[in-house]
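# Show me the folded form of this:
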Amino acid sequence: MSEIAYPEMLPALAAKLRALTPARVALGRTGVSQPTREQLAFQRSHAQARDAVHARMQTAALASEIEEITGREVLRLHSAATDRPCYLQRPDLGRTLDEAGRTRLTRLRPGGFDLAPVVVDGLSALAVERHAALLLRELLSRIEGWRIAPVCVVEQGRVAIGDVIGAALGAEIAVVLIGERPGLSSPDSLGAYVTWQPRPGRTDAERNCISNIRAEGLSYAVAADRLASLFLQARRCRLTGVALKLETAKSLEG
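Down below sits the predicted model:
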């Protein structure tokens, strides 16, 4: 069956809509079904998202890139989740370090750091491989003079592993750059989570998040500006999370 044509004015409208969003809009139809090209495009995007979830981070290459771009020492660590299937089935194990990682951090004689940057594969290793090093370069250039802990690159980690690392390093603030859950139009979206005085037991309500950092979303420069601003607000208010947002709103009103 051949494709049913749009009325004369609809193709132009459909083109305008598609230019405004990566969402699947104005796809057209063939009889009562989607056009074959759109169905194939959907299957391709679904496969990319699935691959991003299961892919293993190229840790050595990423650590080298971060060292080269930022000039910072990088520590390679691993969560208590032994492999990717374990990580996906046991989120709790992704929130803490394995024994080797805990031992390594205790040997650093931690303390006195203003910021602990933590890079975690999360649910999209592709995101951190593409964006983490470049975002760190932008971010660190905005907080010159801060005492920065070694950058920790963690395999099979969740957001809360930054609490463990930040506490072990004695850092005032932890920022976790992590691959977000892939969507059908965004398999490489990076998120950044900021936590004041990180320690095990912190909840998501005690963090601030900036998401969708990627070429088609939030640029590195804008994300770095927002993160640097969050750091300063966290220091001033001595907190992060929902309470920080409320405090910021009050200060703006005053």
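
# partner residues bridging the residue nearest the centre of the chain?
Closest to where the C-alpha atoms of the chain average out (CA atoms, centre = their mean) is Gly191, at 2.4 Å. Beta-bridge partners of Gly191, counted by DSSP bridges, are Ile178.

# Quick check: it touching Arg181?
No. The criterion here is CB atoms under 8 Å, and Gly191 misses it with Arg181 at 9.2 Å. C-beta: built from backbone N, CA, C; applies to glycine.

# Show me the shaky parts of the stretch 101-250 of the chain.
For the stretch 101-250 of the chain, the stretches with pLDDT under 70 are 109-110, 245-250.

# Let's see that with 90 instead.
The stretch 101-250 of the chain contains residues with pLDDT under 90 at 106-112, 181-188, 215-216, 243-250.

# Can you give me every residue that contacts Arg137?
By CB atoms under 8 Å, 6 or more residues apart in numbering, the residues touching Arg137 are 69-70, 220.

# Look up phi and psi at Val154.
phi -120, psi 130 (degrees, to the nearest 10).

# And for it, the neighbour number?
28 (other CB atoms under 10 Å).

# For it, give me its contacts.
Shown in contact with Val154 (CB under 8 Å, 6+ apart): 77-79, 97, 101, 118-121, 161, 165.

# ok, the residue nearest to the centre of the chain - contacts?
Going by CB under 8 Å, 6+ apart, the list of residues near Gly191 reads 122, 177-180, 209-213.

# Give me the distance between it and Asn208.
11 Å (CB to CB, to the nearest Å).

# One more: Leu75?
Leu75 is 24 Å from Asn208, by CB to CB.

# So for those two, which residue has more residues nearby?
More neighbours surround Asn208 than the other of Leu75 and Asn208, with 23 against 18 (other CB under 10 Å).

# That one pairs with what?
Here Asn208 sits in beta bridges with Val194, going by DSSP bridges.
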